[in-house]
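[1] got a sequence here, can you model it:
(2 chains)
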Protein chains: 2
Amino acid sequence: MDRLIAAIKATQNPSVVGLDPTTLLVPPQVFDMVGDNISDDTGAGDGESENAAQQVASRLAMGYFEFNRVVIDAVADIVPAVKAQIAMYEALGPAGIDAYTMTCEYAQQQGLYVIGDIKRGDIGSTAAAYAQHLSGLPRIADPSVDTPREGGPYDDLWHEDAVTVNPYLGTDGITPFVDSAKRTDKGIFVLVRTSNPSSKDIQELELASGERFYEHVADLVSSWGSDSLGTEGYSRVGAVVGATHPQQGRELRERMPHTFFLVPGFGAQGGTAQDVAGMFDADGSGSIVNSSRGIIAAWKESGEYRSDMTADEAFGLVASAARRAALDMRDELRVAVYR
Amino acid sequence: MDRLIAAIKATQNPSVVGLDPTTLLVPPQVFDMVGDNISDDTGAGDGESENAAQQVASRLAMGYFEFNRVVIDAVADIVPAVKAQIAMYEALGPAGIDAYTMTCEYAQQQGLYVIGDIKRGDIGSTAAAYAQHLSGLPRIADPSVDTPREGGPYDDLWHEDAVTVNPYLGTDGITPFVDSAKRTDKGIFVLVRTSNPSSKDIQELELASGERFYEHVADLVSSWGSDSLGTEGYSRVGAVVGATHPQQGRELRERMPHTFFLVPGFGAQGGTAQDVAGMFDADGSGSIVNSSRGIIAAWKESGEYRSDMTADEAFGLVASAARRAALDMRDELRVAVYR
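    Numbers count the residues shown, from 1 in each chain, chains lettered A, B, ... in the order given. You can find the predicted model right below:
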C-alpha cells in the first residue's frame, strides 16, 4: 500500500472518489451530446450495423466516460485516488467495460491511484485469470504460450492499481491476487465487513470459537498479507470495512494493525467522519474513505442545475459541485482523523 | 429452473459443458488463423491504431470464440447447457468480454441453456447493476431515464439464462438477482460449497449453532428461492455444490429439496459420477454436472494431435474429441443417476 499511502500524504486527504455513474447521476444533456457523436460516426465503422440495444449501451457508456473525465479533472489535484465500481459499467454490457477501462486509464494518467471495485473471487485456477486485472496480459509474441505465473513484463489491460476481492472461496482463491499484486507493486482489498444492512446475515454469524464470522475472515486477511509488509507498516492485502459499522471498525483496526482499510458507506449510506475516525491509526493513516454519490451527484443537490443547460454548462456544474463536495469531505476527515 | 430441467429431460443428459478456454487449451493453429484475419482487417477499422497488447488480446479473444463455436457445434445436440467462466475472458480485458457475450449468444442460438459463471455479488444498489446480466438494458428511447426496477421489455446484452452469485454480502445482495430472474424467466446459482480445496477455510467453519457455515448459507439460499418454485418443484435460486464433496452434497440434497444444484469439479478436479450421484433426487433430477477441461481439452488427451495440423484439421479433432468426451460423460451420468 506504499504508493497509496504516499498519495494520501501528498494530498493530506484520506478519501477516494467513487466513480459509480448511473443514468440518474449523469445529467441528461451528456447523453444527448454523445448521442450526436455516435450518429456522426455511423457509416465510418466496420460496416455491420449494431442493433439498437448496443447503440443505447454505447451511448450510455460514452456518457459515463465523459462524465467521469469531468469529475476526475475536477478533483485530481485534491484527492489521492478514485474507485470505479465495475458493476455500473458491466450493466451496459461490453461497451460499458470499455468505458470502465478508459476511465481507469484516464485517472491513472492524471496521477490518481485507481481502485477497481470488482469484488471478484473464484477457485485457484480461475482466480489466476481474474488476477490478470492486476498483472495484465503477458507480453508474448506467440499467443499459444500460456500465461506465465511468474516473470513479465506485462501489458496492463485494466489500468487498476488495486482491486477488491471476495473471500468466500478461501485461501486458494486469494493467493493468485496476492501473487499478482506483489509482481506489479499493486494491492488488493478483501471484503471483511461490508456496509450494507443485510451483510449481518452472513458476516455477523457467531462461530463455535466465540468469534464473529467477519473476525475470522479478518484474521485470514491479516495472514494473507503477512509476507508483503510495505515501508509504511501496511501489507498489500487490505480489507473492506464499512463506515456504517464504527465500533466493529474500531475493533478491527486494533485486530489488524498491518491491514489498510478501504472504507465504503460514507455519506449517502450514512457513515460520518466521526464514524470512520476509529478506523485510522494513531498517525492518521491506515484507512481511505470512499464517497461516490456524495461527490459525483453533488450537482443534483446544488440547487443550481437547470434542465435547459447545455452539456458544457451541466459539466461545469458537475465539476464545481464535485470539487466543493470533495473539499468538504477532505476537510471533515482532516478534522476527525489528523488529531 | 423449468427451462433447464426441460432441456435436461430432452437430452437425457444432466451435464453442462464448461467453456473455459485458456491459451493452453486452444490449439495454437487457431490463434495463427485469427491472427491472419486480424491482419486482413487492418485499415478497415476506425483509423486508430490499437496498441500491441490490445492486438494480442483481440487475437486471443477471437481464438477463444472460434474455438468455442467448434465445441458448441460438436455437442449442441447431446447436451442441454453450456457454462462460460467469464474470468477466462475477462483476463483478456474488454476484447475478452466481447468474446464472452458472443459465445453466450451463439450457444443460445444453437438452442443451449447458457449459465454465466460470473460469481458476482455486491451491496443492494450495486447488485441491481450486476443483475442486468439477466435483465439486460431497459428498452428506453431517452437514456437519461433510469433503469426501471419493474417492467420491460429488456434488451439482452449478455445472453445468459442463469448466472452464479456470491452470497458474502447477504440478502440485499441477492434480492436484485432474484427479482431479475423472475422478470425474465431465468435463474441464479448461489455459491454454497465450492469444489476447491481451501474452500474449507471459510465454508466449513463451525457456527455457535452447531451447524457448518455452508449449511447456514444453504438455508438462506433455500429461503431466497422459496417464492419462486417452478412446475418441476425447483426454485429459481439454485446452489453451487462441488462434486469434490460427495457426502456433504448428499446431505445438502436432503436439506434443500427445492434447490437445483450446479455441480462443478467433475473430471479434471477429481469428482466422479459416483460422487455426484447423491446430489440428484429420486427421479434423477435436481442437479446438473459441469465438466470443462474434460470436454474442451479432450483433443489434447486424444493422442491424435499433431503440431503440423492445419487449423481446420485441429478444429476437426477438437470437435470429435469433445463430442466423444461429452458422450462418455453423459453415459457415465446416466448409469449413475438414472437408477
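
[2] all strands in the stretch 51-200 of chain A, in order from the N-terminus.
    Per DSSP state E, counting those that start in this stretch, the stretch 51-200 of chain A carries strands over the ranges A:81-85, A:113-120, A:137-138, A:154-155, A:162-165, A:187-193.

[3] switch those over to a markdown table; also include mean neighbour count, distance to A:Ile295 and mean pLDDT.
    Any C-beta I mention is one placed from the backbone N, CA and C, and that applies to glycine too. Formatted as a markdown table, the strands of the stretch 51-200 of chain A follow (neighbours: other C-beta atoms under 10 Å in any protein chain shown; distance: least, C-beta to C-beta, whole Å; pLDDT from 0 to 100):
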| stretch | mean neighbour count | distance to A:Ile295 | mean pLDDT |
| --- | --- | --- | --- |
| strand A:81-85 | 26 | 10 | 98 |
| strand A:113-120 | 26 | 14 | 98 |
| strand A:137-138 | 22 | 32 | 76 |
| strand A:154-155 | 18 | 31 | 74 |
| strand A:162-165 | 27 | 19 | 98 |
| strand A:187-193 | 28 | 19 | 98 |
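
[4] nearest to B:Glu251, of those?
    strand A:187-193 (27.6 Å; C-beta to C-beta).

[5] report the buried residues of the helix or strand hosting A:Val276.
    Assessed by DSSP states H and E, A:Val276 sits inside helix A:273-277. Neighbour-count burial for helix A:273-277 flags A:Ala273, A:Asp275, A:Val276, A:Ala277 (criterion: 16 or more other C-beta atoms under 10 Å in any protein chain shown).

[6] just to revisit the earlier point, would CSV of the strands of the stretch 51-200 of chain A with distance to chain B be doable?
    CSV is the format used below for the strands of the stretch 51-200 of chain A (distance: least, C-beta to the nearest C-beta, whole Å):
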stretch, distance to chain B
strand A:81-85, 6
strand A:113-120, 6
strand A:137-138, 6
strand A:154-155, 3
strand A:162-165, 9
strand A:187-193, 6
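
[7] am I right that A:Val240 is in a strand?
    Yes - remark: A:Val240 belongs to a strand, assigned using DSSP: H, G, I helix; E, B strand; the rest coil.

[8] for it, give me its contacts.
    A:Val240 is in contact with A:Thr164, A:Phe189, A:Val190, A:Leu191, A:Val192, A:Arg193, A:Thr194, A:Phe261, A:Leu262, A:Val263, A:Pro264, counting by C-beta atoms under 8 Å, 6 or more residues apart in numbering or on different chains.

[9] separation between it and chain B?
    In this view, A:Val240 and chain B are 10 Å apart by C-beta to the nearest C-beta, to the nearest Å.

[10] gap between the lengthiest helix in chain A and the chain center?
    Assignment by DSSP state H gives helix A:311-337 as the longest helix of chain A. On the basis of C-alpha atoms, centre = their mean, to the nearest Å, helix A:311-337 sits 18 Å off its chain's mean C-alpha point.

[11] what helices and strands are in contact with the helix holding A:Val276?
    With contacts taken as 3 or more C-beta pairs under 8 Å, 6 or more residues apart in numbering or on different chains; DSSP states H and E, helix A:273-277 sits against helix A:246-255, helix A:311-337.

[12] to chain B, which of those lies closest?
    helix A:311-337 (11.1 Å; C-beta to the nearest C-beta).

[13] so the closest one, near chain B or not?
    No - judged by C-beta under 8 Å from any C-beta of the partner chain, helix A:311-337 stays clear of chain B, getting no closer than 11.1 Å.

[14] now do the buried residues in that helix.
    By neighbour count on 16+ other C-beta under 10 Å, the buried set for helix A:311-337 is A:311, A:314-319, A:321-323, A:325-326, A:329-330, A:332-334, A:336-337.

[15] residue contacts, the spatially most central residue of chain A?
    By C-alpha atoms, centre = their mean, the mean C-alpha position of chain A lies nearest to A:Lys83, the distance being 2.5 Å. For A:Lys83, the contacting residues are A:Val16, A:Val17, A:Gly18, A:Leu19, A:Val114, A:Ile115, A:Gly116, A:Asp117, A:Leu262, A:Asn290, A:Ser292, by C-beta under 8 Å, 6+ apart.

[16] run the last query once more with 10 Å
    Contact analysis of A:Lys83 by C-beta atoms under 10 Å, 6 or more residues apart in numbering or on different chains lists A:16-20, A:107, A:113-117, A:160, A:162, A:164, A:189, A:262, A:264, A:288, A:290-292.

[17] next: A:Arg69.
    A:Leu19, A:Met102, A:Thr103, A:Tyr106, A:Ala107, A:Gln110, A:Phe315.

[18] which of those are buried, as a ChimeraX select command?
    Restricted to buried positions by 16+ other C-beta under 10 Å, the ChimeraX selection for the contacts of A:Arg69 reads:
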select /A:19,102,103,106,107,315
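
[19] quick check, nearest of the contacts of A:Arg69 to chain B?
    Distances from chain B to the contacts of A:Arg69, taken by C-beta to the nearest C-beta, are shortest for A:Met102, at 9.1 Å.

[20] what sits closest to that closest one if chain neighbours are left out?
    Of all residues not flanking A:Met102 in the chain, A:Phe65 sits nearest, at 5.2 Å (C-beta to C-beta, 6 or more residues apart in numbering or on different chains).

[21] let me know whether the one you found touches A:Pro21 as I believe.
    Yes - counting by C-beta atoms under 10 Å, A:Phe65 does reach A:Pro21; the two are 8.9 Å apart.

[22] need the residues touching each of these two.
    With C-beta under 10 Å, 6+ apart, A:Phe65 and A:Pro21 have common neighbours A:Val30, A:Tyr89, A:Gly96, A:Ala99, A:Thr103.

[23] near chain B, from these?
    Counting by C-beta under 10 Å from any C-beta of the partner chain, A:Val30, A:Tyr89, A:Gly96, A:Ala99 from these sit close to chain B.

[24] next, format those residues as TSV and append pLDDT and neighbour count.
    Formatted as TSV, those follow (pLDDT from 0 to 100; neighbours: other C-beta atoms under 10 Å in any protein chain shown):
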residue	pLDDT	neighbour count
A:Val30	93	25
A:Tyr89	97	28
A:Gly96	97	27
A:Ala99	98	26
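
[25] distance to B:Lys200 added to these, as JSON lines?
    Formatted as JSON lines, those follow (distance: C-beta to C-beta, whole Å):
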{"residue": "A:Val30", "distance to B:Lys200": "49"}
{"residue": "A:Tyr89", "distance to B:Lys200": "34"}
{"residue": "A:Gly96", "distance to B:Lys200": "36"}
{"residue": "A:Ala99", "distance to B:Lys200": "39"}
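
[26] shaky segments in chain A?
    A:36-50, A:139-154, A:339 (pLDDT under 70).

[27] A:Asp155 and B:Ala52 touch, don't they?
    Yes - at 7.2 Å, A:Asp155 counts as touching B:Ala52 under the criterion of C-beta under 10 Å.

[28] so which of A:Phe65 and A:Pro21 has more stuff around it?
    More neighbours surround A:Pro21 than the other of A:Phe65 and A:Pro21, with 29 against 23 (other C-beta atoms under 10 Å in any protein chain shown).

[29] identify the residue spatially nearest to that one, adjacent ones excluded.
    A:Tyr64 (4.3 Å).

[30] quick one: A:Asp77 and A:Gln110 touch, right?
    Yes - shown here, A:Asp77 and A:Gln110 form a contact pair, counting by C-beta under 10 Å, at 8.8 Å.

[31] tell me the spacing between the residue nearest to A:Ser285 when sequence neighbours are not counted and A:Ser226.
    Nearest residue to A:Ser285 in three dimensions, chain neighbours excluded: A:Ile5, at 6.2 Å (C-beta to C-beta, 6+ apart). As judged by C-beta to C-beta, to the nearest Å, A:Ile5 and A:Ser226 stand 18 Å apart.

[32] next one: A:Gln110
    For A:Gln110 relative to A:Ser226 (C-beta to C-beta), the value is 34 Å.
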